Each structure stands twice: as C-alpha cells, then as structure tokens.
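Participant: from the sequence below, what's the structure:
(chains A and B)
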Amino acid sequence: MDNIIYLGLTLGIGLSTSCAALCTPVLVPYIASSNRPSIMKGLYSALIFSSGRLISYLILGLIFGLLITSVEINPIITATATAVLGLLLTFHGLSILGLFKAKTALGSAFCRYTEGQRSLIYLGMLTGLRPCIPLIAALTYSITLISIGETITFMMSFWLASSALIFLIGPISGAVLGATSKKISLDRIRRISSVAMVAIGIVFMVQGISLFIYPI
Amino acid sequence: MKPAIQSKKLAIITGFIVGGFAFWWYYIPFPPSGEWYEFYTNISFWLGLGMGLAGGLFTYFILNSRRMERYRRIYFISLFFIAFTSLVVVIADMGTHTFLDWAQIHDKEYYLPGQAPGTLTYPCTRDVPQLLMGRASFLRGVGWAADFPSTMNEFLIMMIPFFVTGLFFSRGFCGWICPFGGITELFVTGKKERWSLNIFKRQTTGKRGFRYEGLKEWVKDTKYGLLLALVILSFVIAFPLVCIFCPVLWLESLIVFSIILAIILIFAVVLPFMTKRRWFCVFICPVGAIFALLNKISFFRIKMDKKKCIKCNDCVQECRMYALTPTMIEDFKSPNEDCIRCGRCIEVCPEDAMDIYWAGTSIKARSWFMAAAIITALAWYAWFIVIIVGLPK
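Facilitator: Here you go, the predicted model:
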C-alpha cells in the first residue's frame, strides 16, 4: 500500500504543473469574483474546487480500474464536459454581471445552479473529466490495480499531489486580489473577473463544440 | 489649430531626421545573404531611399499642418492597408490551401512537413526586435526567418520592445501605430452620430435635462476582463498577447475565424460607422487595455489650457474614444486612460486650448510625439513593407 501512495504522490507532483495550467483559468476568475477575496477564501475555494476534481478522479479511477482494461475516454464525454464547463462558467459570469435577474423563472434556475460554492464543485468535477496528461497517466496505472481500496488510495494520493500547486495558486490569488481590492473597488474587480469568466467559458464552449466536430 | 512646429526650418530638420532613420532602418541593418542576396542588394538602397523620402516628407507635412488629425487618419488607415496587403501577398505566394494548412500548424512547427527551412515566412512582428539585435537568422528564402516554436527568450525579445512602445506612447499606440486600428478608423465617418447608444452611457439629470457623463463602468471594464481572460488562458496556450491580432492565428480554425469575423463586423465596422466612435478599441481590445494601464506612466499627455478653454464641449462631441466628458472639461481634467492621442480634440478646439504635453510638465510635446510615433511605426512595419516589396519577385 505504501508503494501505491508513493507512486500516486510522485506522479501527481511530477505532473502538477500541467494540472495547474488547466485549473487556473477556471479557479482564478472564480476567486476574483467572490466577495472580498483573501488568502483564506482563496484556499477554501481551491479546496472546494479540488474536491470536485477528486470526485471525478475517484469515479473515473473506479470505472477504469475495475471495469475497463485500456484507457480510452469516449470523446463525446470529453466534448460534453468541456462544453458544459464552458456553459457553466459563462452563466456564472453573466449572473454575477447581473444579466440574469432572479425574478424570472430562467433567472432563478440559473442563480440556483450557479451561485454559491456548489457551482465550484461542479466546475471542479467537470474540470476533472477533461482528459489531461496527468489524468491519463494515473488512469493507465489504475488499470493495474486489483482492489477498490488500492484504486481509491492511489487516486487520492495522486489527487493530493497534483493539487499541490492549486492549493498554492488559490491563496496567492486570494492575497493578490485582496490587496488589489484596496486600490480598486471590489465591484470593479468582480465586474472584470466576471467578464474574464464569460470569455474563458466561451473559449471552453468553442473547444467543446470543436471536439464534437473533430474528436481527438 | 496651430501647426505643431511653426518654423518651416525646424519642420524640415525633423523630417530629415525621421527620413534618415527610415533610410538606415530599411537599408543598413539588413546585410543580405543566401539566395536572396542579389535581389536584395539591388533593391535595398531604393527601398531605404523610398521609405526615407516617404517618412521624411510625411513628417514635414504633418508637423507643419493645421490639419494634423486628417493627415494622421490617412496615414493610419494606410498602415492597415500595408498590413493587409502583406497578408494577401503571402497568401497569393503560398497558395490558399498551403497557407491554411500552414496556419493550422505554425505555432507548433513553423515550416510545413518536407519544406526546407527558410523558404516560407510571414511578416511576424516578433522578428523585428530580433533584427534590431542582429539576431535574425537571415532570410534564407524571402524575409527573415523566425525561430519557431517560440521560447521564453523569443517571448521576451518580442514583449520587451512591445512594452517599451506602450510605456512611451500608452494608448498613443492605438492612434498612431496599431496595424488593426485602421479598419475601425476607416468606418468612423460622417458628421453626426447615427446611433447615440444611450444605453451604454452614464447620464445624470440636471437643470438642463440629461447630461452625458461618459460610458458606463462595465462598458469601459470589458476590455480589462478580456485581458484578464487572455492572461489566464496563456497559462494553457503560451503565446505573446499581441498574437491575438494575427490573422494566421485566426485562420487556425473555422469556428474561431467565424467568431472573430463577427466581432470585427460588429465592433470595428457597424458600430464605428453608426456612432463615429472606435468601439472595438473602447470595448474589446485587450492590447489597448494593457496600454491604458500604462497611461499613468506614459511620457505624453493631452492637457487643456485653463485660461483658453471656453467650455464649448466640441472636444467631448468629437472624441472617438469617449475619453472626455463635460464634467472633465469643467474641472479642467485630462482625458481618461482611453485617450489615443489622435489629436481630434486639438484640431476641433476653436481656442487652441488642447495640446500634447510632456507628462507632468507644461512643456508642449506634440512635435516630439508625432515624430516619435512615425519613427516607431516605420520600425514596426518594416516586415510588412519588405514582404510586399520582396515577395512578388
């Protein structure tokens, strides 16, 4: 078991920069759009976001480890996850900008599903479903594991190590944005980060649609 | 409006300096070698002479003119056409299919599979500083070849001169150097705005009814949001920020191209035509957002002379960037960070109250600013011009 934890941690640490590259565009605008960003809020958001990724990793690890003998993520899943991630980011950004009023049925629905920390878990889960080099490497290894316990241990240690940079980026972003908010009004930071969130969301949506048309 | 330099002798000297620089830039720094040697040896003197004459004469005319903004507009739109023509020339030379194939791989592999290095090029601005530093891996085919894929050194070599330009001019870049701004400027025509678009404006109610107070905050902040998105996304896809305006990047995918085309049509064609304002630059442009952030430390500012201003608000009406409001005029404030130093307000002011000054001083700097902007444009556009002249041989 120690060997599995060690392997998971090594793989996760080694590939954590790649993980951070994929997660930063989703996490940082989210932290920026929160009320009074701070180190603690950044860390908290990073933890919630990473929990979402952990859920995805565990589900994928169990499926691949126990049921499937080769790593082959269906391109439709990747395309859907990417497009939905983009859609969720876009709606979240638009709702912060006040373009969805809670008075309408549509507005209430969007606000219910995109406000609060729940949406951060969804974002984490969807980010976890996007195939990246670390994930594919981890899934490849999980195929060799024979029990549920080993798979869960391996995926959790992999998640912990691959999230190391995200746990750093979260608080640092919170601190930087908190310091910035003393010079620039919080409303302005929220507005700018919401626009960024919408733009990144649109990029992901385009990427998702492209994956539907030209699957990898 | 008074000319920037009222003495003809001084205007001639400045024109001579700018022309001399253009001659040196287009002739001396490019020691030809390889298969293009003979061709370039034959044309480099004439290219230098032509660019020197064009740069020098234009500088003389604009410095000595009472219609500075009109000359600037013609020059600025010409810059766009130069950039556009170079793209057309490259596509024609390579063939559309080959060009599109290349566009899809160029950021990973500069040359098409099986193609000899140096036989293909595009006027990529990242090569200009390379050239300046004598690092250009010279022109084995046509133009100067870049080292692709880009490295951190390439990135810095590209971005440092870009930021120096921004530091010096701030959004003056958008009014005098930007290769894309000309398309927006082209459609800013007519005497009156056709749409007022009050929905995007802040208005207060006073004794005389509604009063315009500039654009709403979210409209001004959108470009900063797009800049933030671009910076964050560059963690994933590393590329210099200015590449966002590269047509080769746009042609990488049909979906991306369609979205960018729609944005250009709405914000660089329709809205400028209907409102007489540069909406793309005010609302969308992330590169302009960087320059706006550098406004506080830039060298040149537009200021008004309190003694001369009669508060007619002509400058507010004519500002292409919504950078002035009646309240700012009443409080004798300078235009906001979106001011592109185009000189429109200087030209329409009936009392000559507006002018370009050295930042933090009361020393007028319009002539310095214009000469520096023309020199910088001549330097950055070397690629486009060399491609237009050299490629269809």
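
Participant: I'd like to know which elements the longest helix along chain A is packed against.
Facilitator: Longest helix in chain A, counting residues (DSSP state H): helix A:186-213. Contact partners of helix A:186-213 among helices and strands, from 3 or more CB pairs under 8 Å, 6 or more residues apart in numbering or on different chains; DSSP states H and E: helix A:16-32, helix A:75-96, helix A:164-183, helix B:217-233, helix B:254-263. Just so you know, the C-beta spots here come from the backbone N, C-alpha and C atoms, and that holds for glycine as well.

Participant: residues making contact with the last one?
Facilitator: In other words, helix B:254-263. A:206, A:209-210, B:249-251, B:280, B:284 (CB atoms under 8 Å, 6 or more residues apart in numbering or on different chains).

Participant: including pLDDT and neighbour count, could those go into CSV?
Facilitator: Compiled in CSV, the contacts of helix B:254-263 are given as follows (pLDDT from 0 to 100; neighbours: other CB atoms under 10 Å in any protein chain shown):
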residue, pLDDT, neighbour count
A:206, 82, 18
A:209, 83, 15
A:210, 78, 18
B:249, 78, 17
B:250, 80, 17
B:251, 80, 19
B:280, 94, 24
B:284, 91, 17
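
Participant: give me the pLDDT for the closest residue to residue A:32 other than its chain neighbours.
Facilitator: The spatially closest residue to residue A:32, leaving aside those adjacent along the chain, is residue A:193, at 3.3 Å (CB to CB, 6 or more residues apart in numbering or on different chains). Confidence per residue is given as pLDDT, and for residue A:193 that number is 82.

Participant: shouldn't residue A:193 be in contact with residue A:29?
Facilitator: Yes - counting by CB atoms under 8 Å, residue A:29 is a contact partner of residue A:193 at 4.7 Å.

Participant: need the overlap of contacts for those two.
Facilitator: Taking CB under 8 Å, 6+ apart as the contact criterion, the common neighbours of residue A:193 and residue A:29 are residue B:228.

Participant: contact partners for the residue nearest to residue A:32?
Facilitator: A:29-30, A:32-33, A:96, B:225, B:228.

Participant: next, count neighbours for residue B:291.
Facilitator: In terms of burial, residue B:291 registers 26 neighbours under the definition other CB atoms under 10 Å in any protein chain shown.

Participant: tell me which residues touch it, please.
Facilitator: For residue B:291, the contacting residues are B:166, B:169-171, B:173-174, taking CB under 8 Å, 6+ apart as the criterion.

Participant: how about a cut-off of 7 Å?
Facilitator: If you count contacts by CB atoms under 7 Å, 6 or more residues apart in numbering or on different chains, residue B:291 has them with B:166, B:170-171, B:173-174.

Participant: so which of the residues you listed reach chain A?
Facilitator: When the contacts of residue B:291 are filtered against chain A using CB under 7 Å from any CB of the partner chain, no residues are retained.

Participant: in a markdown table: these, plus secondary structure.
Facilitator: As requested, those are arranged in a markdown table below (DSSP: H, G, I helix; E, B strand; the rest coil):
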| residue | secondary structure |
| --- | --- |
| B:166 | helix |
| B:170 | coil |
| B:171 | coil |
| B:173 | helix |
| B:174 | helix |
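
Participant: list buried members of the residues you listed by neighbour count.
Facilitator: With neighbours counted by 16 or more other CB atoms under 10 Å in any protein chain shown, those contain buried members at B:166, B:170-171, B:173-174.

Participant: ok, the residues you listed vs residue B:388, which is closest?
Facilitator: Looking at the buried ones among the contacts of residue B:291 and their distance to residue B:388, the nearest is residue B:173, at 22.2 Å (CB to CB).

Participant: wait, doesn't the closest one sit right on residue B:166?
Facilitator: Yes - the pair formed by residue B:173 and residue B:166 meets the contact definition of CB atoms under 7 Å, at 6.1 Å.

Participant: what strand or helix carries the residue of the stretch 1-150 of chain B found nearest chain A?
Facilitator: Distance from chain A to each residue of the stretch 1-150 of chain B (CB to the nearest CB) is smallest for residue B:104, at 11.2 Å. Assigned by DSSP states H and E, residue B:104 falls within helix B:96-105.

Participant: report all helices and strands that that helix contacts.
Facilitator: helix B:68-94 (3 or more CB pairs under 7 Å, 6 or more residues apart in numbering or on different chains; DSSP states H and E).

Participant: distance from the helix it packs on to the middle of the chain?
Facilitator: 11 Å (CA atoms, centre = their mean, to the nearest Å).

Participant: now do stretch A:76-87
Facilitator: Centroid separation for stretch A:76-87 versus its chain: 12 Å, with CA atoms, centre = their mean.

Participant: check stretch B:94-104 too.
Facilitator: Centroid separation for stretch B:94-104 versus its chain: 26 Å, with CA atoms, centre = their mean.

Participant: before we move on, what about stretch A:17-31?
Facilitator: For stretch A:17-31, the distance from its own C-alpha centre to the chain's C-alpha centre is 7 Å (CA atoms, centre = their mean).

Participant: on that earlier part again, of the contacts of residue A:193, the lowest pLDDT goes to which?
Facilitator: When the contacts of residue A:193 are sorted by pLDDT, the bottom entry is residue A:96 at 74.

Participant: okay, now the closest residue to that residue other than its chain neighbours: neighbour count?
Facilitator: Leaving aside its chain neighbours, residue A:96 sits nearest to residue A:194 (4.2 Å; criterion: CB to CB, 6+ apart). Taking other CB under 10 Å as the criterion, the count of residues near residue A:194 is 26.
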